[in-house]
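Asker: Attaching a predicted model along with its sequence, questions to come.
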Amino acid sequence: MFAEPGVSAQRSRCEAGRIADLAHRSRWSQEELTDEDLRRLYSYWLSFQELERGEVFVQQDLRNRARLRQRRVLGVPAIAIALGAGLRMWRGRGKAVRSRRRR
């Protein structure tokens, strides 16, 4: 049961390599491809494009999740520090104004 996906993946890689070699040979030796070979080549190309778009989607999703995590980890403490500094400055300003009035 666990070996089946590996066998299937190996078979797909072999078929993809065979089709790629066939396309390469037909380009350089002027051999025409049969309709079946063209269909397989096009199907392989579409599958490859779909896999590539899936990879891009997964990478974007992972980046977005990492950015969100980063905002939480760095953003919340930064806001707390800024609010604390603002409060301290506001309190310090109030003391300075009060001390001027006393003079």
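Answerer: Structure's in. What do you need?

Asker: going forward, measure contacts between C-alpha atoms and count neighbours the same way
Answerer: Fine.

Asker: helices or strands next to the helix-or-strand element of the chain with minimal mean pLDDT in the packing?
Answerer: Counting by mean pLDDT, DSSP states H and E, the chain has its least confident helix or strand at helix 3-29, which shows a mean of 72. Counting contacts by 3 or more Cα pairs under 8 Å, 6 or more residues apart in numbering; DSSP states H and E, helix 3-29 packs against helix 35-70.

Asker: same question for the helix it packs on, mean pLDDT?
Answerer: For helix 35-70, the mean per-residue pLDDT is 85.

Asker: and the angle from it to helix 3-29?
Answerer: With axes from the mean of the first three to the mean of the last three Cα atoms, to 10 degrees defining the directions, helix 35-70 sits at 120 degrees from helix 3-29.

Asker: Which strands or helices does helix 35-70 pack on?
Answerer: Where contact means 3+ Cα pairs under 8 Å, 6+ apart, helix 35-70 is packed against helix 3-29.

Asker: Any buried residues in the helix it packs on, and which?
Answerer: Ala16, Ile19, Leu22, Ala23 (16 or more other Cα atoms under 10 Å).

Asker: which one among those gets closest to Phe48?
Answerer: Nearest to Phe48 among the buried residues of helix 3-29, counting by Cα to Cα, is Ala16 at 9.7 Å.

Asker: How about the contacts made by that closest one?
Answerer: Tyr44 (Cα atoms under 8 Å, 6 or more residues apart in numbering).

Asker: hmm, try it at 10 Å
Answerer: Contacts were defined as Cα atoms under 10 Å, 6 or more residues apart in numbering; by that measure Ala16 touches Gln10, Leu22, Arg40, Leu41, Tyr44, Trp45, Phe48.

Asker: which SS state does Glu32 fall under?
Answerer: Secondary structure state of Glu32, per DSSP: H, G, I helix; E, B strand; the rest coil, is coil.

Asker: and it, backbone torsions?
Answerer: Backbone geometry at Glu32, expressed as degrees, to the nearest 10, gives phi -90, psi 140.
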